[in-house]
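Q: 3D model of this:
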Amino acid sequence: MGALEVLVADILCEAGLKKLDVRTRTALELPGYFRATKKWDLIVVSNGALVLAMEFKSQAGKSIGNNVNNRTEEAVGSAKDIWTAFREGRFGRSPTPFLGYLFLLEDRDNVKTPVSNKEPYFQVDPEFRGEAHLKGTKSLPQYKGVSYSRRYELLCRRLVLERLYTSACFMMATNSPKTKISHPAEDLTFQRFAAALRGHVVTFLGSRSK
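A: Below you'll find the model as predicted:
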């Protein structure tokens, strides 16, 4: 993920931010509301104003399913925490910051296979149910569920739809000598994410020059 952090930092500097204002290694702590501070992966503080904060997350290996819920809770909780802190004035008179979420998932067979849901009392969200199939002519439809890659895609998309994050990016990459990177969803590509970053920086710098 270090290479992606450097790439994003370069994009921000090319858009007009000062290199010293873009933090990726040290001094990454920001105030929270439900906790004292949280260490983000990349932040920009310019002239005393919080410009943006970003999370870079990844998942790889065979035990993908063990961490999906943890990653989801972490993403939602971090966003709720910082936005509440912003509401409470922890960042002074900073304009509304950009909150970014970038997720990189290892591209392997087990992340593309449907995973069934346990529904002992209530049905899950239809988006997570997947395709229906019948077991016997008199049986009720059974649902296959959706893959882990699809679950992460839905997470990233809904983080933006619910305005928890300004923009999100979902990428997949093979673990091979010649790494192949793919973007499963057109609305969550790195290109769109980078464009949103540039747009925010231009708006911020324009407001400071007035």
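Q: please make it C-alpha for all contacts and neighbour counts, starting now.
A: Fine.
Q: so the residue nearest to the spatial centre of the chain bridges to which residues?
A: In the chain, the residue lying closest to the centroid (CA atoms, centre = their mean) is Tyr101, at 2.7 Å. For Tyr101, the beta-bridge partners under DSSP bridges are Glu55, Ala168.
Q: mind listing what it touches?
A: By CA atoms under 8 Å, 6 or more residues apart in numbering, Tyr101 lies in contact with Met54, Glu55, Phe56, Lys57, Cys156, Tyr165, Ser167, Ala168, Cys169.
Q: make a ChimeraX selection of the buried ones in those.
A: Buried residues among the contacts of Tyr101 (16 or more other CA atoms under 10 Å), as a ChimeraX selection:
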select :54,55,56,156,165,167,168,169
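Q: now the contacts of Tyr101 as CSV including distance to Ala194 and pLDDT?
A: Below are those laid out as CSV (distance: CA to CA, whole Å; pLDDT from 0 to 100):
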residue, distance to Ala194, pLDDT
Met54, 12, 98
Glu55, 14, 97
Phe56, 14, 97
Lys57, 16, 96
Cys156, 15, 98
Tyr165, 14, 98
Ser167, 9, 98
Ala168, 10, 98
Cys169, 9, 98
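Q: tell me where the model's unsure across the protein.
A: Counting by pLDDT under 70, the ranges of the chain that qualify are 134-140, 209-210.
Q: all strands for it, in order.
A: Under the criterion DSSP state E, strands of the chain are mapped to 22-23, 29-31, 37-39, 42-46, 49-59, 98-106, 132-133, 142-143, 167-173, 181-182.
Q: now render those as TSV, adding distance to Leu205.
A: As requested, these are exported to TSV (distance: least, CA to CA, whole Å):
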stretch	distance to Leu205
strand 22-23	14
strand 29-31	21
strand 37-39	25
strand 42-46	10
strand 49-59	10
strand 98-106	13
strand 132-133	51
strand 142-143	50
strand 167-173	19
strand 181-182	32
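Q: touching, Cys156 and Met171? I think so.
A: No: using CA atoms under 8 Å, Cys156 makes no contact with Met171, being 10.4 Å away.
Q: now the common contact residues for these two.
A: Shared contacts of Cys156 and Met171, defined by CA under 8 Å, 6+ apart, are found at Phe103, Leu188.
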